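Asker: Here's my sequence, what's the structure:
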Amino acid sequence: MGKEFIELFEHWADSYDSSVTGHDEEYKEVFLHYEEILGEVAKRANGHVLEFGVGTGNLTLKLLEKGLTVTGIEPSPSMRKIAFEKLGNKAEIVDGDFLNYPKDNSFDTIVSTYAFHHLTDEEKRQAIADYGNLLREGGKIVFADTMYESEDAYKKAIADALSKGFHNLAEDLQREYYTTIPKLRNMLEENGFSANFEQFNDFVWIMEAEKL
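Answerer: Numbering: from 1, shown residues only. Sure, this is the predicted structure:
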């Protein structure tokens, strides 16, 4: 489940924080309003938070600053090392992924940023079904990720990247498992969630889903 991307994150770990601040022109638009996006996800979270794809711990920091308890899941050892250095013992961070994690039914909110696209649509469906069983009524999923309003919008994003000479970005958009909002909405509603989607840049939307 997304394990094919771990090597990528092992290599990216040391430069990740530089990338998200817009120093890479090719990915500048992907990470536009990065701090605002993380802050908005943290603002919508409450209680005991399960965070997938901790990375270097940037969202985790904002969750902790809000006074929340965080259990973080991160499959990349290099990313976990940086997160530990940044966070100390303020949050529990363990090896795992969107489908393999501690399932103790004590979580109030499940969050993630820039990571859910590492799952195929079938894996996304399985993950959301698991979260539907895990969360109590009123519990929430709050994910910020690249997604598209339609297949045509997805194809246009690839064409736009190529037209700008952003070949690495175009390759990423085709290699990873980006999906559409209608598909995600259907998965969520099938599993007892009410979902809302809000766009924050040309790539990233926040998906907020409440368990009914």
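Asker: any idea how far Asp130 is from the most centrally placed residue in the chain?
Answerer: Taking CA atoms, centre = their mean, the centroid of the chain lies closest to Thr113, which sits 2.8 Å from it. Applying CB to CB, to the nearest Å, the value for Thr113 to Asp130 is 19 Å. Where C-beta positions appear, they are placed from N, C-alpha and C, glycine not excepted.
Asker: now Thr21
Answerer: 33 Å.
Asker: Which one's more surrounded, the two?
Answerer: More neighbours surround Asp130 than the other of Thr21 and Asp130, with 16 against 12 (other CB atoms under 10 Å).
Asker: Confirm that the more buried one lies within a helix, as I assumed.
Answerer: Yes: applying DSSP: H, G, I helix; E, B strand; the rest coil, one finds Asp130 inside a helix.
Asker: And the strands in this structure?
Answerer: 48-52, 69-73, 92-94, 109-113, 140-146, 193-199, 204-211 (DSSP state E).
Asker: neighbours of the residue lying closest to His167 once chain neighbours are set aside, just the number please.
Answerer: The shortest distance from His167 to any non-neighbouring residue, by CB to CB, 6 or more residues apart in numbering, is to Ala161 (7.7 Å). Ala161 sits with 21 neighbouring residues when counted by other CB under 10 Å.
Asker: what sits against Ala161?
Answerer: By CB atoms under 8 Å, 6 or more residues apart in numbering, the contact set of Ala161 is His167, Leu169, Ala170, Leu173.
Asker: what's the nearest residue to the third one if we skip its chain neighbours?
Answerer: Distances taken as CB to CB, 6+ apart put Ala161 closest to Ala170, at 4.0 Å, once the chain neighbours are dropped.
Asker: Please report how far that neighbour lies from Ala153.
Answerer: 13 Å.
Asker: got the contacts of Ala161 as CSV, with pLDDT columns?
Answerer: Converted to CSV, these look like this (pLDDT from 0 to 100):
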residue, pLDDT
His167, 96
Leu169, 94
Ala170, 96
Leu173, 96
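Asker: Among these, which ones are in helices?
Answerer: Using DSSP state H, His167, Leu169, Ala170, Leu173 are the members of those that sit in helices.
Asker: Which of those residues are buried? Put it as a PyMOL command.
Answerer: PyMOL command restricting the ones in helices among the contacts of Ala161 to the buried ones, with burial defined by 16 or more other CB atoms under 10 Å:
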select buried, resi 169+170+173
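Asker: Let me have the ones in helices among the contacts of Ala161 in TSV, extended by distance to Gly53.
Answerer: As requested, the ones in helices among the contacts of Ala161 are arranged in TSV below (distance: CB to CB, whole Å):
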residue	distance to Gly53
His167	25
Leu169	19
Ala170	23
Leu173	18
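Asker: related to what we said a few turns ago, out of the strands of the chain, which comes closest to Lys81?
Answerer: strand 92-94 (9.9 Å; CB to CB).
Asker: What are the buried residues along the closest one?
Answerer: Ile93.
Asker: Parallel or antiparallel, which strands does it pair with?
Answerer: strand 69-73 (parallel) (DSSP bridges).
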